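[1] Whatever this is, show me its structure:
(2 chains)
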Amino acid sequence: MPKRIALKDSVSVDSVDLSDFARSVALASSHARVDVSGFNPTGVNEYLAGPTDQSVTVEFFGSYGTGEVHATLYPIHAGREIVPFAWRPDQTTPASTDNPELRGNVQLLDYSPGATRGDAETFSAEFVAADENGLAYFTTPGP
Amino acid sequence: MTRYLVTGPTAYAGHQPGEEFTATLDPGAERRALERGNIEIVKKAKPKQEEESDA
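    Numbers count the residues shown, from 1 in each chain, chains lettered A, B, ... in the order given. Below is the predicted model of the structure:
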């Protein structure tokens, strides 16, 4: 896939297509840096990759209609539900090698919508990986 | 399997509003989608024992 302008991304939470209500997506995946340094002649530290911490943050437009953002996210947060999340660059084509889909089961530990007079209501929601499969990219369409 | 109608303004599980689809949804996912108004049940799946006796 060549360089792209993000326009057609697909974002779904709990199987609900919230693409039109989202304007940014960012994955965070990091392995803990575990210091396993011993005495050595150079004094350089030695590290191993430890446990993995993953989350994906989506900036949503606040919307309160049936089946929209609030109706989807708030029950997930309030009920401590674990739900599927998916994001791929091009919603007009299924997941493929040049349109990989990030998928995983997530929880919404924080829910903090807000509003400013005269501005479009937006807020960020951080979905945290909720099981041992984590968040991973797939090149074939999901179930 | 149960037959569902996508009733909300947004696509659900890859199906567009107004579209019907057949699936076996996880009970929790079905409950949430029904409560949110994403879907309605068109035809409920028969209990497993009943399906078997029909065969």
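[2] need the contact list for the residue of chain B found nearest chain A.
    Closest to chain A within chain B is B:Gly8: 2.8 Å, counting by C-beta to the nearest C-beta. Where C-beta positions appear, they are placed from N, C-alpha and C, glycine not excepted. B:Gly8 makes contacts with A:16, A:66-68, B:17, B:36-39, as judged by C-beta atoms under 8 Å, 6 or more residues apart in numbering or on different chains.
[3] quick one: which two of those are the most distant?
    A:Glu68 and B:Ile39 (14.5 Å; C-beta to C-beta).
[4] Of those two, which one has the most company?
    Remark: of A:Glu68 and B:Ile39, B:Ile39 carries more neighbours, 27 against 23, as counted by other C-beta atoms under 10 Å in any protein chain shown.
[5] which residues touch that one?
    B:4-8, B:12, B:30, B:33 are the contacts of B:Ile39 under C-beta under 8 Å, 6+ apart.
[6] Once you drop chain neighbours, what's closest to whichever residue of chain A sits closest to chain B?
    Chain B sits closest to A:Gly67 of chain A, with a gap of 2.8 Å, by C-beta to the nearest C-beta. Closest residue in space to A:Gly67, ignoring its immediate chain neighbours: B:Gly8 at 2.8 Å, by C-beta to C-beta, 6 or more residues apart in numbering or on different chains.
[7] Just the element for that neighbour, please.
    B:Gly8 belongs to no helix or strand when assigned by DSSP states H and E.
[8] mind checking pLDDT for it?
    Note on B:Gly8: pLDDT of 84.
[9] Around chain B, which positions in chain A sit nearby?
    A:14-18, A:20, A:65-68, A:71-72, A:75-76, A:81, A:83 (C-beta under 8 Å from any C-beta of the partner chain).
[10] Please flag which of the contacts of B:Ile39 sit within strands.
    Of the contacts of B:Ile39, the ones assigned to strands by DSSP state E are B:4-6.
[11] Counting neighbours, which of those comes out on top?
    Busiest of the ones in strands among the contacts of B:Ile39 [other C-beta under 10 Å] is B:Tyr4, holding 25 neighbours.
[12] which residues touch it?
    B:12, B:15, B:20-23, B:25, B:39-42.
[13] Among these, name the buried ones.
    Among the contacts of B:Tyr4, the ones that count as buried by 16 or more other C-beta atoms under 10 Å in any protein chain shown are B:12, B:15, B:21, B:23, B:25, B:39.
[14] Can you tell me which residues in chain B are near chain A?
    So chain B meets chain A at B:7-14, B:28-29, B:32-33, B:35-38 (C-beta under 8 Å from any C-beta).
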